[in-house]
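Colleague: Next come a sequence and a model predicted from it.
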Amino acid sequence: MVTVCETWHLKAEYADRALELMQEMDDLVGPQAHEDPAWSGHASFFQSQADPGTVLMMYAWRSVPDHQSLAASEQDLLADFHAKYCTAPRDITYYTELPVDVDHDDDHDHHHEPERGTHG
């Protein structure tokens, strides 16, 4: 299992329509991806606060070769979308999850409200 991270580069004039455009892109390629036996779950989308034209799309896939095959088959489907809305084609990077133990057995209350000082 790998985590796929796609970086989308929207043109500045379309950054305020990122949600709408990522939905349009998903409508183009989603049905084919969901039918692929290597599909491993829905994607999450994240828009950069520093650069609203940059959108990350992250999701799990069975393997890098399986995903590379899918990505190649999507090129024609995405050609017009890239040309109209993007400054460059999407970048695709693959990650392996590290099994870091984030559950700690301690007495710390990690979910408390911070104390607020009074100013006088």
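Modeller: Structure received. Note that the coordinates shown come from a computational prediction; the quantities given were computed from them, not determined experimentally.
Colleague: in which helix or strand would I find the closest residue to residue 40 other than its chain neighbours?
Modeller: Using CB to CB, 6 or more residues apart in numbering and skipping the chain neighbours, the partner closest in space to residue 40 is residue 60 (4.0 Å). Where you see a C-beta, it was placed from the backbone N, CA and C, and this is true even at glycine. Element membership for residue 60 (DSSP states H and E) is strand 54-61.
Colleague: Equivalent analysis for residue 87, please.
Modeller: Residue 87 belongs to strand 86-95, assigned by DSSP H and E.
Colleague: quick one: strands adjacent to that strand?
Modeller: strand 2-10 (antiparallel) (DSSP bridges).
Colleague: Strand 2-10 and the helix or strand just after the strand it pairs with, what's the angle between them?
Modeller: Using DSSP H and E, the helix or strand that follows strand 2-10 in sequence is helix 18-35. Using axes from the mean of the first three to the mean of the last three CA atoms, to 10 degrees, the direction of helix 18-35 lies 140 degrees away from that of strand 2-10.
Colleague: Can you get me the centre-to-centre distance for helix 18-35 and its chain?
Modeller: 12 Å (CA atoms, centre = their mean, to the nearest Å).
Colleague: Can you give the contact residues for the next helix or strand after that helix?
Modeller: Next helix or strand after helix 18-35 toward the C-terminus (DSSP H and E): strand 44-47. Strand 44-47 is contacted from outside by 18-19, 22, 54-59, using CB atoms under 8 Å, 6 or more residues apart in numbering.
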